[in-house]
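>>> just to be clear, the model below is a prediction. Sequence and coordinates:
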Amino acid sequence: MMGGTSGLEQLDEMYESIILDHYRNPRHTDPLDHADVDVEAQNPFCGDEIHIQLTLDDDGKVQEISVSGRGCAISQSSASLLSEMLEGKDVEQAMEQITLMRRMLRNDNMTEEELDQLGDLVALEGVKRFPVRIKCALLSWTALEDALQERKGK
Amino acid sequence: MMGGTSGLEQLDEMYESIILDHYRNPRHTDPLDHADVDVEAQNPFCGDEIHIQLTLDDDGKVQEISVSGRGCAISQSSASLLSEMLEGKDVEQAMEQITLMRRMLRNDNMTEEELDQLGDLVALEGVKRFPVRIKCALLSWTALEDALQERKGK
Amino acid sequence: MTIDVAKIRADFPILERRIGDAPLVYLDNAATSQKPKQVIDALTDYYTRYNANVHRGVHTMSVEATEAFEAARAKVAKFIGARQPESVIWTRNISEAINLVAYSWGDANVHAGDEIVITAMEHHSGIVPWQQLALRSGATLRIIPRTGNGRLDMDAARKIINSKTKIVTAVQMSSVLGSVNDVKTLGKLAHENGALILVDGAQSAPHMPVDVEDLDCDFFGLSAHKMLGPTGIGVLWGRPELLKAMPPWMFGGDMILEVSYEKASWNELPYKFEAGTPNIADAIATGVAVDYLSALGMENVRAHEIEITGYALKRLTELERVEVLGPTDNADRGGIISFNHADVHPHDLGTALDRMGIAIRTGHHCAMPLVRSYDVVAAARASFYIYNTTAEVDALVEGIKQVERYFQK
Amino acid sequence: MTIDVAKIRADFPILERRIGDAPLVYLDNAATSQKPKQVIDALTDYYTRYNANVHRGVHTMSVEATEAFEAARAKVAKFIGARQPESVIWTRNISEAINLVAYSWGDANVHAGDEIVITAMEHHSGIVPWQQLALRSGATLRIIPRTGNGRLDMDAARKIINSKTKIVTAVQMSSVLGSVNDVKTLGKLAHENGALILVDGAQSAPHMPVDVEDLDCDFFGLSAHKMLGPTGIGVLWGRPELLKAMPPWMFGGDMILEVSYEKASWNELPYKFEAGTPNIADAIATGVAVDYLSALGMENVRAHEIEITGYALKRLTELERVEVLGPTDNADRGGIISFNHADVHPHDLGTALDRMGIAIRTGHHCAMPLVRSYDVVAAARASFYIYNTTAEVDALVEGIKQVERYFQK
Ligand SMILES: Cc1ncc(COP(=O)(O)O)c(C=O)c1O
Ligand SMILES: Cc1ncc(COP(=O)(O)O)c(C=O)c1O
């Protein structure tokens, strides 16, 4: 028979159980009526869609979060993980996490401390070994980054 | 030394002495004041130019001939040979010669009779072994053919 | 008679390739086909023996290159049933071929109030040039819809094509659904209404006999890379009288008869549409690709693909969680099968199958409106060619089952 | 340091070729260069190991092909001193690159009353796209003349380039005269007048160091086939901010972000300008060609060519009946020498030299107005590259002498 089975084990590097859990049970999916940050993103190459909504309090801290979309396990779990990451963070801190996330996927040298700071997000590290999928993992992060940067610009 | 000498002998197949003679001493080059057939042609790829002028008598016989131009030995000698061919011919006969000339250069099977009919023009037969030069040999012939055909069309 | 797949496979060096530990199972032929060594050797032969710029050259290699280049054109003409080699224009790919028509013919002939008709099955390359022509000219773009079972709605076509229609464009085989469309009838409808028809042969020319005279179409396009040829070369065929009347589009060397600073005059067909140094090597190799297919016989190529597609449809529709987009009956259908799995996103499926050496395509397949009409944003697609076997179909199906289990873990 | 010609020659299989009994002496490099085996092998390697359509593919070979394709783009960017790889757009050849600018930038920015400035040394591909843009827009085409000794008349340029000028286009090296033009100064003149400059690098990029940042030009074009690369691929480089502002020209797969029937949005640079499946194999091979040249060092390439050109000028000007068109001093001059023989028409000379294995080009070299300005309709042209030797120059000169004698018979 062609197409040996051995190959599938390598997938474990990307599809950690925490990823599959977030894919099947995405967090914070209820839409918000009103949002201070509202951004939609698409990956034109695979059709993945993400919609992020946030409300911020007066100190610029994230209050309410909604993240929803459709697409592959990587883009959707990453978005769900992003929603958890945002809990209790202010804009500065969120931006920091985005930068760390990017660096992890770019295979930059990361210190122990930095990896610690990423928490559950480290589950996405394996994606870096699947270069075409990095865009999937970053879809929601790039969208949020753009939206926050634009907000800052105002 | 590079570029052996043997090669040049093959040129004799194309540059028969009669060709070189017509190249150096082209016939019928004086322009006519008035012409019944007046056609210019160019080979855009090598820049060769030909100008043919004819007067015809009432029976459609060629009376006066002028053929001039500038270009390579093949295009210019062929034009000069064409001018000789035209002497005393009527339009029908000229068209026949043009067809024979084409066939000879296309390497069609030609009968002895047909080759006889071409007379001096047989000197151009060697051109068929130099495919890029066939256009040179036919430049004036195609121009004349077009002009005569157009005349007939009227 | 059908084709000898084992013998064919021996001609394709890439089929020896392994992906990780697994042998390559290449099922992405609708994106691009693999190349037989004959085609690859033609490139090497050209570059090691007679590489030279064509036309205008008096030296031996230039003459040889010109002859081979023009012979390739004649081979392609014969392959698609075109009577005049000069009606075959080399382009980079079919996308350029369609752009050429939309700009050169379109800008001269399509005006405000006119209608341009495309089908619901067009590739982006068959949508956007016409959409943009419509925007430039003020014409209206109209779409022949698909039926529920992935066929063109020919009744609707009869209404949509009318006296306002200037041109109809249609894929002969859908790159997503595999449907083979009745472009001959569309052509008749177009002609009855004084319109032209352009047939997108990107997926048909590689896989079935094509005869532009029999189809009675006005333009036909193809990409060599999908039919055993190299990347970087395609063809626009057009009825000579149309091409003659069309203004040139790109300007430069080779397409010119005479130039002064004030004006230029144009060379004859096909050169009028071929500006600058052409893709000589790849044109010659395309001639060899066409020789290869002609030697197999396009009827036989088609028969093989009907067989393998039938088998694949049978096996894929047995999978409960898999849904095939488009026709599941094997009539008027080519070897392209798009499908979705209820539990595994196509992107994840593609990555997982790749680990087993199985190359499929996933995404919108450059046909967003069509894919979206199935209420999905992406699909997986397996597509077959002359070297594919039923054993490879089995590998695909077994692979899908394993991935299914993996994602249930 | 200069280059090791014997070692280089061993890399070019075609140089083993014989024409009849004579070894090939290839002096038609301005038309197209020969290819080292490294470049030819890159094609074979691609087609036998990782041929797949680029972008969008999840399977291994598609990823490999995409990486190699984009790496080649980055190599070309580096080779011409461009900082952003995405500012390098693959085209079929430089002719297409110029057409792209004339259509996309030109139609949007050039209007009636504006002026377009070209030089007297442009190739047809650098004349006709601008001439036709002028005709479409109502702009005026103006020509920077040449001086008697085959240089651009820079005093005239200072007058001709004015506030009405929208774009200046200039060959960096003339394909007929070999003159190297001061395009940097032309660029300054253009910018001082609020105009852009497009540099035609068809003959310069293969033969001398090029740095688009140092030249401070706005667009730069080249054809790979003239610089050891395959046929069918060229490059347009443009300043990113200009390219970003320009509308796309060809429409189709890959250049699109999102499509509905009503509208489409465009992908980012460079893809916005690359419609349909690109010429993947030839792009990758172009990267290898650039590697080859970079390993030699473009300074060394230039030094070798100055040497051989100097020798050729000396020997050719010794021939009484031969007249060189253009500069006979070897300063600011590349390895292209056009000439005429008083008694032998270039066409006859070309055929005769071919019998001795010597490949030169004859005709108007796609630069009719320039050639005519020398009051001839055709010229012979010898052009050199890295593999040419002074012994080959001797063969040419001896060949001309023999032909001279032959035509005296
Ligand atoms: C200066 C110059 N520009 C443009 C071109 C056109 O190149 P291509 O035919 O590769 O488009 C040439 C080629 O001869 C050239 O020498
Ligand atoms: C039906 C159809 N048309 C057009 C194209 C575009 O082909 P290319 O990218 O070679 O221009 C494709 C390729 O996917 C296709 O399948």
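The structure has been received and is ready for your questions. Ligands and ions are numbered 1, 2, ... in the order given.

>>> give me every residue that touches residue C:349.
Contacts were defined as C-beta atoms under 8 Å, 6 or more residues apart in numbering or on different chains; by that measure residue C:349 touches C:341, C:360, C:362, C:380, C:400, C:403. (Glycine included, C-beta is placed from N, CA and C.)

>>> show me the residues you listed that map onto strands.
Within those, residues falling in strands by DSSP state E are C:341, C:362, C:380.

>>> which of those residues are close to chain D?
When C-beta under 8 Å from any C-beta of the partner chain is applied, the members of those adjacent to chain D are residue C:362.

>>> got a quick PyMOL command for the buried subset of the ones in strands among the contacts of residue C:349?
For the buried members of these, the matching PyMOL selection, counting by 16 or more other C-beta atoms under 10 Å in any protein chain shown, is:
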select buried, chain C and resi 341+362+380
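
>>> what is the nearest of the ones in strands among the contacts of residue C:349 to ligand 2?
Distance to ligand 2, by C-beta to the nearest ligand atom, is smallest for residue C:362 among the ones in strands among the contacts of residue C:349, at 14.1 Å.

>>> residues contacting residue 151?
Since you didn't name a chain, this refers to chain A. Contacts of residue A:151 (C-beta under 8 Å, 6+ apart): A:36, A:37, A:91.

>>> ah, no, chain C please
Applying C-beta under 8 Å, 6+ apart, one finds that residue C:151 lies in contact with C:179, C:181, C:327, C:332.

>>> tell me the contacts of the third one?
Residues touching residue C:327, when contacts are defined by C-beta under 8 Å, 6+ apart, comprise C:149, C:150, C:151, C:177, C:178, C:179, C:333.

>>> continuing past the helix or strand bottoming out on mean pLDDT in chain C, what's the next helix or strand?
None of the helices or strands of chain C scores lower by mean pLDDT, DSSP states H and E than strand C:256-259, at a mean of 90. For strand C:256-259, the following helix or strand on the C-terminal side (DSSP states H and E) is strand C:264-266.

>>> and the host helix or strand of residue C:242, which residues are buried?
Per DSSP H and E: residue C:242 is located in helix C:240-245. Within helix C:240-245, the residues that count as buried by 16+ other C-beta under 10 Å are C:242, C:243.

>>> what does it rub up against?
Taking contacts as C-beta under 8 Å, 6+ apart, the residues outside helix C:240-245 that touch it are C:84, C:86, C:87, C:89, C:105, C:196, C:218, C:219, C:269, C:270, C:272, C:273.

>>> ok, now which ones touch the fifth one?
Think residue C:105. Residue C:105 makes contact with C:167, C:196, C:219, C:242, C:246, according to C-beta under 8 Å, 6+ apart.

>>> any idea which of those residues is closest to ligand 1?
Nearest member of those to ligand 1, counting by C-beta to the nearest ligand atom, is residue C:246, at 21.2 Å.

>>> OK, contacts around that closest one?
Here residue C:246 is in contact with C:104, C:105, C:108, C:238 (C-beta under 8 Å, 6+ apart).

>>> quick check: mean pLDDT of stretch C:373-380?
If you average the pLDDT over stretch C:373-380, you get 93.

>>> do any residues in it lie close to chain A?
Yes: judged by C-beta under 8 Å from any C-beta, stretch C:373-380 and chain A are in contact via C:376, C:377, C:378.

>>> give me the buried positions along that stretch.
Result for stretch C:373-380 [16+ other C-beta under 10 Å]: buried residues C:373, C:374, C:376, C:377, C:378, C:379, C:380.

>>> tell me which two of those residues sit farthest apart.
C:373 and C:380 (17.0 Å; C-beta to C-beta).

>>> end to end on stretch A:11-24, go ahead and measure it.
With C-alpha to C-alpha, to the nearest Å as the measure, stretch A:11-24 spans 17 Å from end to end.
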